[in-house]
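K.L.:
Provided below are the primary sequence and the corresponding predicted coordinates.
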Amino acid sequence: MNSKQQTVFLVDDDAVFLKLLAIDFQLQTNFKVLTFETGEKCIENLELQPDLIILDYHLDGVEKGVKNGIETLDIIKEFNPLIPVIMLSSQDKIEVAIDCMHHKAYDYIVKSETSFIRVQTVIQSIFNFKQIEKKLHWYMDRM
């Protein structure tokens, strides 16, 4: 089994939400957590090869003229299409969720008091899928 600590990028322009999410991760998981307030800062650090990115949909609260979540998602997927990205937004609109999925987000979660629980569930499914995929590749390589 791989003993490398999994790295998660948290990207959100809402400093309070970002800090609360980071604290939840640090207290309840064993992930290495890196936080960024803009998509540009996230993109600058993609060479660190995160295992997962949790990305805000808007990202326009800190600086005007910065990349929004969809633009950032597109660049992440161009850099490495295998990095799973979970999109977060305070908007509970199906159009926003469809837009995120169209741009290859793994999932879309509406921000709420229970966001972290939903994020944990999605993360578990991501890593379960990766484990199954790894086993399948191992098996197929031996055939």
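P.N.:
It's in.

K.L.:
So residue 42 is in contact with residue 73, correct?
P.N.:
No - under the criterion of C-beta atoms under 8 Å, residue 42 is not in contact with residue 73, lying 10.0 Å apart. Glycine gets a C-beta too; all of them are placed from N, C-alpha and C.

K.L.:
Give me the common contacts of these two.
P.N.:
Taking C-beta atoms under 8 Å, 6 or more residues apart in numbering as the contact rule, residue 42 and residue 73 both touch residue 55.

K.L.:
The helix of greatest length in the chain: how far from the chain's middle?
P.N.:
With secondary structure taken from DSSP state H, the chain has its longest helix at helix 115-141. Distance, stretch centre to chain centre, for helix 115-141: 14 Å (C-alpha atoms, centre = their mean, to the nearest Å).

K.L.:
Could I get the buried residue list for that helix?
P.N.:
Burial within helix 115-141, assessed by neighbour count using 16 or more other C-beta atoms under 10 Å, is assigned to 115-116, 118-119, 122-123, 126.

K.L.:
same check, this time on stretch 12-31
P.N.:
12-14, 17-18, 21-22, 24-25, 31.

K.L.:
Quick one: mean pLDDT for it?
P.N.:
The average of the pLDDT scores along stretch 12-31 is 90.
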